[in-house]
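Q: Quick one, structure for this:
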Amino acid sequence: MQLPLPLRLLGCLALLLPPGSPAPAPAPAQPAVHTCKSRPLDLVFIIDSSRSVRVEEFEKVKIFLSKMIDTLDVGERATRVAVLNYASTVNIEFPLRTYFDKASMKEAVSRIEPLSAGTMTGLAIQTAMEEVFAEEAGARPSSLNIPKVAIIVTDGHPQDQVQEIADRAQASGIEIYAVGVGRADIQSLRLMASEPLDEHVSYVETYDVIGKLTSKFKETFCDVDMCALGTHDCEQVCVSTNGSYTCDCYEGFTLNPDRKSCSRVDVCGLGTHDCEQVCVNADRSFRCDCYKGYTLNPDRKTCSRVDVCALGTHDCEQLCVNANGSFRCDCYEGYTLNPDKKTCSRPNICALGTHDCQQICLNIDGSYGCDCYEGYTLNPDRKTCSRVDACAQGSHDCQQVCVNTDGSYSCDCYEGFTLNPDKKTCSRVTPSSLLTTEESCKCEALITFQNTITSFLETLSTKHILLSHIIFSIATILDSS
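A: Residues are numbered from 1 along each chain as shown. Coordinates of the predicted model:
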């Protein structure tokens, strides 16, 4: 029978000591170190509860099962346990998929009752193979390489054929251990057990000592945990592997060529990330980020351009314009951006001198318009001006005569009329009204003089007429004579 690995290691160490060397001093007492843990198994206990097994003996079988469960690392991803109870019939007490903790398993074991009939061991093996080790009952797929193990405990002689069915079970991948108690048939045990027989067949005289097999199976199902021994030189993680160990690293680290130390993985440098824009190495992993002006989407991978203007954080007075992830300010039409690049002012276009008005430029709501001086009117081109013929427009209020002046007009009157003080209406002229006071005095003197002359002339004229009559009379006399 092959010794367990820890005992073989001790034997090798003893051979390495020089001849005559004293035996190593016993090490100081240390707390027990659990350097062994069971391999993951799909384990089925097949227990005989036929009439030959007395009640008190069957209780000892259940104690044996509970102690066996205590030695195992049970769990959904560790060792799964099922119990099959048989006599002339077979009863599946609980399959592999039912319990994944020791307390529940042991409680279920304590409730098992003996069947007290014949010993149909072959039927029990067949049931285990076809029903308990089925995937739907909780057995794991063969692709996972989880060992399938059956431990048969019996104290009698099978009442059916076991070799053929046992061979079929082993061919399907089931490893069978046979435990005989008291009157058990050793030949039948050897027919149903797997090779090598000295490792797979066990025998005890009574159920009182069946408990000693617990340590045997513990060693059989044990992997020496070299990592727990503390002699490894792994920097981060030690992984026990079939009596040895390998080193591994925490997530985000990679094992160096020395197979012991670890270096942080440059996940971003590996190019295996799925960040759209920027990959940032983080603690043992990575995170995605975005270029300036972009924001990370909820998928934490892709990026979208930031609408800075929509965020309302800009300080533009009038218009905000998104620009390559940032923003710039602009102004409404008719306004110009001030040097602070934020506020706006209305431009003085007329002062810029770029207008084309002939006479007057007027700033109008960010633009301009042309106008003309008084007495001029704006031409249809809205730029040049022409003198206004105020009189021709008929809008004057002169009573008689309208006279165009420089851009305007004045009123006048016809001959014989004079312009009234309102500068609009006219009145007929009178002689007296034509002379001043001084002129009037002069006129009176002149009139007096004129009257004197007129009187003199009239007197002279009378005398002249008389003389003319005398002369005419003399002439007439002379002619007649």
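Q: Now tell me which helix or strand of the protein has the poorest mean pLDDT.
A: Within the chain, no helix or strand scores below helix 5-16, which has a mean of 38 by mean pLDDT, DSSP states H and E.
Q: show me the contacts for C268.
A: Residues near C268 by C-beta atoms under 8 Å, 6 or more residues apart in numbering: 275, 279-281, 286. Glycine gets a C-beta too; all of them are placed from N, C-alpha and C.
Q: Need those in a markdown table (columns: neighbour count, pLDDT and distance to L337).
A: As requested, those are arranged in a markdown table below (neighbours: other C-beta atoms under 10 Å; pLDDT from 0 to 100; distance: C-beta to C-beta, whole Å):
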| residue | neighbour count | pLDDT | distance to L337 |
| --- | --- | --- | --- |
| C275 | 19 | 94 | 38 |
| C279 | 21 | 93 | 39 |
| V280 | 12 | 92 | 38 |
| N281 | 16 | 85 | 43 |
| F286 | 21 | 86 | 43 |
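Q: Show me which of the residues you listed is closest to T121.
A: F286 (59.0 Å; C-beta to C-beta).
Q: That closest one: what secondary structure?
A: Of the three states, F286 takes strand according to DSSP: H, G, I helix; E, B strand; the rest coil.
Q: the helices in the stretch 301-450 of the chain, which residues?
A: 308-311, 349-352, 437-480 (DSSP state H, counting those that start in this stretch).
Q: Out of those helices, name the one with the poorest average pLDDT.
A: Lowest mean pLDDT of the helices of the stretch 301-450 of the chain: helix 437-480, a mean of 70.
Q: From H314, how far out is the residue nearest to L296 when sequence neighbours are not counted?
A: Closest residue to L296 apart from its sequence neighbours, by C-beta to C-beta, 6 or more residues apart in numbering: C290 at 5.3 Å. With distances taken as C-beta to C-beta, to the nearest Å, C290 is found 20 Å from H314.
Q: where are the low-confidence patches of the stretch 251-400 of the chain?
A: The model of the stretch 251-400 of the chain has pLDDT under 70 over residues 284, 325, 366.
Q: now with 50?
A: Within the stretch 251-400 of the chain, no stretch falls below the threshold (pLDDT under 50).
Q: which residues of it fall in strands?
A: Along the stretch 251-400 of the chain, counting by DSSP state E, counting those that start in this stretch, strands occupy 253-255, 262-264, 278-282, 285-289, 294-296, 303-305, 319-323, 326-330, 336-337, 344-345, 360-364, 367-371, 376-378, 385-387.
Q: Can you add distance to E175 and give those back as CSV?
A: Formatted as CSV, the strands of the stretch 251-400 of the chain follow (distance: least, C-beta to C-beta, whole Å):
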stretch, distance to E175
strand 253-255, 34
strand 262-264, 37
strand 278-282, 46
strand 285-289, 41
strand 294-296, 54
strand 303-305, 56
strand 319-323, 71
strand 326-330, 71
strand 336-337, 87
strand 344-345, 89
strand 360-364, 103
strand 367-371, 99
strand 376-378, 114
strand 385-387, 118
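Q: Share the number of residues neighbouring the closest residue to I360 other than its chain neighbours, please.
A: Closest residue in space to I360, ignoring its immediate chain neighbours: D371 at 4.1 Å, by C-beta to C-beta, 6+ apart. For D371, the count of nearby residues is 15 (other C-beta atoms under 10 Å).
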